[in-house]
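1. below is the structure, and that's it, no one-letter string:
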């Protein structure tokens with residue numbers, strides 16, 4: 001046991017030293033890039049790409065710090081995918097340093113490009129600025145400054161990613177757990193995620209089919225028969241259709257007039273949910 005512990009410590013120390021150096025290098029590069037951003041701004045040059053690089057770098061350094069301390073949960077995630085299962089432990093152990101290496105590469109590229117822009121070596125178009133709060137629906141298009149814009153994005157992204165870099169889009173996930181019984185009384189999720197949800201930006205409503213609540217399964221234990229990978233119940237089941245009708249009656253009136261419903265279209269599924277299996281794999 002003592003030999004194993006010694007070996008683990010012996011292998012861990014170089015990894016910690018490498019991690020410390022990677023973080024230190026990244027932080028120095030972020031500082032340098034921020035100085036270049038200030039210089040470029042003083043010359044009237046667009047720096048939105050570099051500001052994004054700084055934000056992305058800090059974000060992924062945070063991810064790397066978490067991954068370094070949570071190897072076992074990542075082993076579990078890697079094992080869940082056939083392509084990574086064989087090397088799950090190795091990939092989980094190396095993930096944090098991989099992320100830091102990629103951050104440093106991105107910063108190197110950003111620094112080199114902005115230096116070229118400042119010197120006149122590179123000439124590039126400014127990144128178009130979008131006033132997310134001014135986006136309106138005209139006809140069948142989202143419009144900003146009389147120009148159509150495509151605003152769709154990753155619908156399950158965390159709230160901290162609703163920003164100028166990742167898009168400011170309001171998205172509401174409507175699901176059967178939005179109500180707590182077949183009478184349509186709102187659940188905590190329905191109150192917090194729908195009734196109290198602010199309306200600031202245009203967006204969309206997604207019908208989430210990932211779970212059948214306990215109250216629905218108590219009424220019909222067979223709801224799961226015919227379920228697919230992304231639909232955890234049979235969408236053709238008459239009770240499911242009845243439960244959704246009740247959900248709509250309880251929630252849609254609460255959404256009336258909110259910006260994320262301006263288009264009047266509900267995204268029924270984020271991808272095709274019909275499942276074909278060949279040799280045990282999703283194809």
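-> Nice, I can see it. What you are looking at is a predicted structure, and each value in this text was computed from that prediction instead of being measured.
2. burial of residue 186, as a residue count?
-> Residue 186: 19 surrounding residues under other C-beta atoms under 10 Å. The way it works is simple: take the backbone N, C-alpha and C, and place the C-beta from them, glycine included.
3. now it: how far from residue 260?
-> 18 Å (C-beta to C-beta, to the nearest Å).
4. pull out the buried positions in stretch 219-233.
-> Buried residues in stretch 219-233, counted by 16 or more other C-beta atoms under 10 Å: 220, 223, 227, 228, 230, 231, 233.
5. can you redo these as a markdown table with secondary structure and pLDDT?
-> A markdown table is the format used below for these (DSSP: H, G, I helix; E, B strand; the rest coil; pLDDT from 0 to 100):
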| residue | secondary structure | pLDDT |
| --- | --- | --- |
| 220 | coil | 92 |
| 223 | helix | 85 |
| 227 | coil | 73 |
| 228 | coil | 70 |
| 230 | coil | 69 |
| 231 | coil | 74 |
| 233 | coil | 78 |
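6. you'd agree residue 197 is in a strand?
-> No: remark: residue 197 does not belong to a strand; assigned using DSSP: H, G, I helix; E, B strand; the rest coil, it is coil.
7. contacts only, for the closest residue to residue 39 other than its chain neighbours.
-> Spatial nearest neighbour of residue 39, chain neighbours left out: residue 118 (6.2 Å); criterion: C-beta to C-beta, 6 or more residues apart in numbering. If a contact means C-beta atoms under 8 Å, 6 or more residues apart in numbering, then residue 118 has 36, 39, 40, 43, 45 as its contacts.
8. how about the residues you listed in CSV, adding neighbour count and distance to residue 19?
-> Formatted as CSV, the contacts of residue 118 follow (neighbours: other C-beta atoms under 10 Å; distance: C-beta to C-beta, whole Å):
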residue, neighbour count, distance to residue 19
36, 20, 26
39, 14, 31
40, 17, 31
43, 8, 37
45, 16, 34
